[in-house]
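Asker: got a predicted structure plus its sequence, pasted below:
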Amino acid sequence: MNKSDDEKNDEKTNEIKVLPILYSLRNCPYAMRARLAIFKANQTVLLRDLVLSNKPAEMIAVSPKATVPVLVLADETVIEESLDIMLWALRETDPNDLLHGQKESVLSTMLSLINLFDTDFKTCLEEYKCAKRYQEDNLIQCRVVCEQYIQSLEQRLTEHTFLMSDKESLADIALIPFIRQFARIERQWYLQSAYPMVRQWLNRYLQSPTFTKVMAKHPLWVDDRQDVLFGGN
C-alpha cells in the first residue's frame with residue numbers, strides 16, 4: 001500500500017525532529033570549519049544562522065558561553081567547541097577518510113598542528129588584523145610573526161598536496177578559515193608573497209563547490225525561527 005502525502009509529511013517531520021541542531025554564524029572561522037566537517041561527513045543538521053548582536057535564548061539556555069558554533073544532538077548532548085564538532089561528524093561518517101583511518105599517531109600529529117594554529121597563530125593573526133585595521137606602525141612586524149607559521153605550511157605543501165600527505169585531512173579543513181583570514185589582511189602583498197603552495201592549497205578550497213555550499217547565505221533563524229537543512233548527500 002502506498003503511503004499518503006500526509007503520512008510522508010509526518011515521517012519527514014519526525015525525521016527533522018531528531019536531527020542535530022547547529023547554531024552557526026556564516027563568517028565565523030570556527031563555525032565555518034564545523035560546517036565544513038559536517039558537509040564532508042555527509043551529516044545532516046538543522047542549521048540556525050545567527051548574528052552576534054541577537055543571540056537566541058534557545059542557544060544560551062543550552063550553551064551559556066553564548067558563542068558559536070554550538071551543536072545540540074538528538075539526545076540533547078551539547079558540543080560547544082568547533083574541533084569537537086568536527087571530530088563528532090567525522091567519527092560518525094568519514095567518506096573521504098579525513099581522519100586517516102583514525103590512526104592514533106597520525107591523529108595526534110593532526111591535533112597538535114591544529115592546536116598550534118588555534119593558539120599561537122591565532123594570537124598573532126589577531127594582532128596582525130588589528131595592526132591593519134587601526135593602521136598601526138607595527139603592521140610589518142605582525143605580519144612577519146605570522147609568516148613563521150605560513151612558512152611551515154608552505155614547507156608541508158612543498159612535500160605533498162595537502163598538509164599531512166597527498167590526501168586531504170582534518171587538519172586541512174580546520175586551518176582553512178584562518179589562512180583565509182590571513183590572506184585577506186594585505187591582499188596585494190599576499191598575492192605576491194613567497195608562498196605559492198599555500199595560495200594553491202587555499203584556492204583549491206575557496207574555488208570549490210563544497211566551499212560555496214558551506215558559505216551559502218541563509219535567512220537568519222532569529223527572524224522567522226525556520227530551520228535550514230544543511231549537509232547530507
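Answerer: Looks like it came in fine. Numbering: from 1, shown residues only.
Asker: mind giving me the packing neighbours of the helix ranked longest in the chain?
Answerer: Criterion DSSP state H: the longest helix present in the chain is helix 139-159. Here helix 139-159 touches helix 122-133, helix 170-185, helix 196-206, going by 3 or more C-beta pairs under 8 Å, 6 or more residues apart in numbering; DSSP states H and E. C-beta coordinates here come from the backbone N, C-alpha and C atoms, glycine included.
Asker: which of these is buried the deepest?
Answerer: helix 170-185 (a mean of 21; mean count of other C-beta atoms under 10 Å).
Asker: residue ranges with poor pLDDT in this structure?
Answerer: 1-17, 233 (pLDDT under 70).
Asker: show me where it has helices.
Answerer: 5-17, 29-40, 57-62, 82-92, 104-116, 122-133, 139-159, 170-185, 187-191, 196-206, 209-214, 221-224.
Asker: centroid residue for the chain?
Answerer: Centroid-nearest residue in the chain, with C-alpha atoms, centre = their mean: Arg33, separated by 0.6 Å.
Asker: domains in the chain, by residue range?
Answerer: 5-97+212-231, 101-208 (automatic domain parsing).
Asker: check contacts around the residue nearest to the centre of the chain.
Answerer: 82-83, 86, 173-174, 176-177 (C-beta atoms under 8 Å, 6 or more residues apart in numbering).
Asker: ok, which of the helices and strands packed on helix 139-159 comes nearest His100?
Answerer: His100 lies closest to helix 170-185 among these, at 8.1 Å (C-beta to C-beta).
Asker: which residues are in contact with that closest one?
Answerer: 29-30, 32-33, 36-37, 40, 83, 86-87, 90, 98-99, 107, 110, 113-114, 117, 121-122, 125, 128-129, 132, 143, 146, 150, 153, 162-164, 190, 198-199, 201-202, 205-206.
Asker: tell me the two of the contacts of Arg33 that are most distant?
Answerer: The two members of the contacts of Arg33 with the most space between them (C-beta to C-beta) are Leu83 and Ile176, at 13.4 Å.
Asker: what's the neighbour count on Tyr190?
Answerer: Residues within reach of Tyr190, counting by other C-beta atoms under 10 Å, total 17.
Asker: any idea how far Phe178 is from it?
Answerer: Going from Tyr190 to Phe178 by C-beta to C-beta, to the nearest Å gives 14 Å.
Asker: likewise for Ser112?
Answerer: Ser112 is 16 Å from Phe178, where distance means C-beta to C-beta.
Asker: for the longest helix of the chain, buried residues please.
Answerer: Residues 139, 142-143, 145-147, 149-150, 153-154, 156-157 are the ones in helix 139-159 that count as buried (16 or more other C-beta atoms under 10 Å).
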